[in-house]
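S.K.: generate a structure from the sequence data that follows.
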Amino acid sequence: MNFGIAVFLKKSHHSTSFTLNGYIAITMPTKNVFLPKQQRSQDTQRKLLNALHFCLQDKFFEHITIKELSTRAGVSVGTFYRRFKDKESLLPLLYQDFGNDLSQWVTNLELIEFANLKEAVEKVSVETYQFLSTRKSVFRTLHLNSRLHSELLDSDKSVDRKVIYQRLVEILLRFRQEITAKDQSKVAEVAIFMIISGLLDKVLYPTLTPAIACEIDDAEFSIELPKIILPYLTI
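M.R.: Numbering: from 1, shown residues only. Purely as a prediction, here's the structure:
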């Protein structure tokens, strides 16, 4: 398991979920997502997805019921089951939704005209923290399940995560003249990885290893992190 999070060894009481450091990771269904063709069905699907976003603000995914989702969306439980086999079938849609947000976030970063490498690294770090913290509940749900069920990663055909990371790397490579390391692309990729992986642990799992090794909070960590990364880029 990446990022220092111990993989679960205990199966939960439900056959479709597993315990991971006190969180629940849901066994992903296979091909349970129906792709609606009619506008009415698309509207219903969006209402259910919005309801899931809302419920995740206060609850873990495994604690949200289909009745709760349906009520929040203003549809009947029967309507839910006509479109989805089970609650887990919403996860690929949630992943795709998050991918759209991620792509738009990077686009906004790309529009910023940074004065120098220092400003770029500092801004990317702080913006990454803010992006993760404002979507913490959704990203935690997706992060846990995508690590255990890689088929979720294949559900979004429109946003390639590797391309997203490369776009972030290219922001730093605007300042090649300031990056004195021999392999500029390599050190820029490592820098982006350090920012994302470090902040991911601090934001999503602040009370778990390895986040507990550093006592400062996630906001302050996003400010301190560039102080380590900048010397690495200019070695």
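S.K.: the residue nearest the centre of the chain: what's it in contact with?
M.R.: Geometric centre of the chain, nearest residue: F139, 3.7 Å, by C-alpha atoms, centre = their mean. F139 sits next to 98, 132, 204 when contact means C-beta atoms under 8 Å, 6 or more residues apart in numbering. Yep, even glycine has a C-beta here, placed from its N, CA and C like the rest.
S.K.: helix or strand next in line after the helix or strand containing it, which one?
M.R.: Assigned by DSSP states H and E, F139 belongs to helix 136-148. As assigned by DSSP H and E, the chain's next helix or strand after helix 136-148 is helix 161-172.
S.K.: and the following helix or strand past that following helix, how far from the chain's centre?
M.R.: Following helix 161-172 in sequence order, the next helix or strand is helix 184-204 (DSSP H and E). On the basis of C-alpha atoms, centre = their mean, to the nearest Å, helix 184-204 sits 14 Å off its chain's mean C-alpha point.
S.K.: helices and strands around helix 184-204, which ones?
M.R.: helix 117-134, helix 136-148, helix 161-172, helix 218-233 (3 or more C-beta pairs under 8 Å, 6 or more residues apart in numbering; DSSP states H and E).
S.K.: mind redoing it with 6 Å?
M.R.: If contacts are counted by 3 or more C-beta pairs under 6 Å, 6 or more residues apart in numbering; DSSP states H and E, helix 184-204 sits against helix 117-134, helix 161-172, helix 218-233.
S.K.: any chance of these in CSV, plus mean pLDDT and mean neighbour count?
M.R.: Listed next are the helices and strands packed on helix 184-204 as CSV, based on pLDDT from 0 to 100; neighbours: other C-beta atoms under 10 Å:
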stretch, mean pLDDT, mean neighbour count
helix 117-134, 97, 19
helix 161-172, 96, 16
helix 218-233, 98, 17
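S.K.: residues making contact with stretch 189-204?
M.R.: Residues outside stretch 189-204 that contact it (C-beta atoms under 6 Å, 6 or more residues apart in numbering): 3, 125, 128-129, 132-133, 140, 165, 168-169, 211, 218, 221, 225, 229, 233.
S.K.: ok, so of the contacts of F139, who is nearest N116?
M.R.: Top of the list for closeness to N116, among these and by C-beta to C-beta, is L132 at 24.8 Å.
S.K.: list the contacts of that closest one.
M.R.: Counted by C-beta under 6 Å, 6+ apart, L132 has contacts 199, 203.
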